[in-house]
Structure formats: C-alpha cells, structure tokens
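[1] Output the structure for:
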Amino acid sequence: MVSYLCEVAGVSRSGYYNYFSEKSQKQRELKDEKDEVVKELILKAFHFKGRKKGARQIKMTLAGQFGVVYNLKRIRRMMKATQEHRVVPNLLNREFKQDVPGKVLLTDITYLFYGKGQKAYLSTIKDGSTNEILAYHVSDRITMDLATDTLLKLKKNRNFKKAKDSLIHSDQGTHYTHPDFQKLVKKLGLRQSMSRRGNCWDNAPQESFFGHFKDETYIKPCTTLEELKREIKQYMIYYNHYRYQWNLKKMTPVQYRDHLLNAA
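    The predicted structure follows:
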C-alpha cells in the first residue's frame, strides 16, 4: 500500500518515512511555533501607531521599534498567511461583572518558566461574573492548538451553561484573530469581543488571575511538563472550589456561581 501511495504521489519510500518520522514531526512543530512568534511580531509592526504598512515599512518598524530583523521575503510570506486574520470590536467594554454565569467569558495565554529554563504556555477561559476557570490547556508549544483546544475543553465542561448573548473576550493576539479560532467560536454559539490594541485594562480580570496563579502555585520547582500539568490541575481545583474571594461575597467561584443561579 505504501509503495502504491508513493508512486501515485510521486515520492520515494524513504521520503515518505522521513516525513512521518518523529524527528521530522518535531522539526515541523518547532517551525510552526517559530512562525506563530514571527506572525505576532509582524502584526504588531503592521498595526504600530495605528497606521497600515507595506512590507518595507514593516521591516523598518521591526528593526527600529522591536529590534528584530527579518528579510522582505519572509515578511511578505507571513503577511500573506495572516491576511485572513480579523480583529473584532470590543463588545464587552469592561462590563465584566454581569451577575449571569456563562455570559462573559475571558480568555488569554501566559508564559510559564519552570525547571532549568524550560518554558510552557497556559491558556485559560474564565467566567467574568463568577471568576471560575471554565477551561484551560497547557502546552510546551504556542501553536493554534493552544487556543482551540481550550475552546474544545470548554465545550466538554458539563458545568458550563451558555447564557443568552454570551461572548468570549480576548486581546488581539494572532490566536484569537485566526480564522480557525473564530470559526470554532461561532460553532459554539458565542459572540467574540476583543480588547483595544495595547490596552491591558480591557481584560483586567484575566490578567489578575494570572497574577494570583503565579504567586500561589509552585511552578518553578517542576522538572517535567507532566509534573507542571499536575501542579496546575491541583491549583485549578483549589481555585474554583476552595479559594474564597472577597469580591464574591466571601465565596469560592463555584459557590458564587451556584448562588447566582439560585437567585435567578
């Protein structure tokens, strides 16, 4: 069968096996991760000072403002790949607390440094009204899966009940402007909202959660990704079920969610 497929595709057997080897897969994953970082920087340069730019202006802005040097060919290739990315309006407008569970969802990604210089990424979806973490995903790669897998985990969360006119709010990062993410948001029946560029206050509760998370978890001592995932899982259980919060009438997020549902 392999020989037949190789003949039809016009590739050698050695080329076929090399493409699907563990080494080749890791190389492709590394390239995808680097491309996401490059896309993010190019988009920042493209939107710098609110003025659209051509490839040459982007190249000079990258060098002058961000200290990064890419050749024009690479910039043009990346710009072509990001043409379908779409920024959406800020529908939330900082109205985080609407006292309706499942109505305001906040999402973001943060870096985690652990062990001996290892780096991982944490993506979360937080309920703006109850502060409950409804879904999260941990990865050692910052590819699109990081954001889309978090959405899929939200879908699987049996305790999550989508409210009327619910929306998911994020920054303007490439994960959230990506067509794949936006299609999945629509498939889940959610509206999408984005912070204004460079305005961290538009998603302040999510930033606040990451601050508490990094203060209260034991991330640095973890030596493997699996160990890191276990620590994060234990903290998420603690945070949702046992961490009392002053602004939730001294309840935990889960208690406050039940309180709002019973009061409705």
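
[2] ok, which stretches of the stretch 101-250 of the chain are helices?
    Using DSSP state H, counting those that start in this stretch, the helices of the stretch 101-250 of the chain run over residues 145-156, 174-177, 179-187, 204-216, 225-241.

[3] how about those helices, which one is nearest Val68?
    helix 174-177 (15.5 Å; Cβ to Cβ). Quick note: C-beta positions are derived from backbone N, CA and C, even for glycine.

[4] all strands of the stretch 51-200 of the chain, in order?
    Assigned by DSSP state E, counting those that start in this stretch, the stretch 51-200 of the chain shows strands spanning 104-114, 118-127, 133-139, 167-170, 191-194.

[5] nearest to Asp180, of the ones you listed?
    The nearest among the strands of the stretch 51-200 of the chain, by Cβ to Cβ, is strand 191-194 at 12.9 Å.

[6] Quick check: which helices or strands does the closest one pack against?
    Contacts defined by 3 or more Cβ pairs under 8 Å, 6 or more residues apart in numbering; DSSP states H and E place strand 191-194 against strand 167-170, helix 174-177, helix 179-187.

[7] which residues touch that strand?
    87-92, 165-172, 176-177, 182, 185-186 (Cβ atoms under 8 Å, 6 or more residues apart in numbering).

[8] low pLDDT regions in the stretch 51-200 of the chain?
    Under the criterion pLDDT under 70, the flagged ranges of the stretch 51-200 of the chain are 52, 81-85, 96, 198-200.

[9] any idea which of the strands of the stretch 51-200 of the chain is most buried?
    strand 167-170 (a mean of 24; mean count of other Cβ atoms under 10 Å).

[10] Can you list the strands that that strand pairs with?
    Looking at strand 167-170 with DSSP bridges, its partner strands are strand 104-114 (parallel), strand 191-194 (parallel).

[11] I'd like to know which of the helices of the stretch 101-250 of the chain is closest to Ile42.
    That would be, of those and by Cβ to Cβ, helix 174-177, which comes in at 9.2 Å.

[12] Dump the strands paired with strand 167-170 into JSON lines; add distance to Lys233 as well.
    Shown next, in JSON lines, are the strands paired with strand 167-170 (distance: least, Cβ to Cβ, whole Å):
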{"stretch": "strand 104-114", "distance to Lys233": "14"}
{"stretch": "strand 191-194", "distance to Lys233": "28"}
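
[13] out of those, nearest to Glu216?
    It is, among the strands paired with strand 167-170 and with distance given as Cβ to Cβ, strand 104-114, at 13.3 Å.

[14] Could you export that closest one as PDB, CA atoms only?
    These are the backbone C-alpha positions of strand 104-114, laid out as PDB (Å, rounded to 0.1, in the frame of the first residue of the first chain):
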ATOM      1  CA  VAL A 104     -19.000  36.800  29.900                       C
ATOM      2  CA  LEU A 105     -16.000  34.600  29.100                       C
ATOM      3  CA  LEU A 106     -12.500  35.900  29.300                       C
ATOM      4  CA  THR A 107      -9.500  34.200  27.600                       C
ATOM      5  CA  ASP A 108      -5.800  34.700  27.400                       C
ATOM      6  CA  ILE A 109      -2.400  32.900  27.300                       C
ATOM      7  CA  THR A 110       0.500  33.300  29.600                       C
ATOM      8  CA  TYR A 111       4.100  32.100  29.700                       C
ATOM      9  CA  LEU A 112       5.300  29.700  32.500                       C
ATOM     10  CA  PHE A 113       9.000  29.200  33.200                       C
ATOM     11  CA  TYR A 114       9.900  26.100  35.200                       C
END
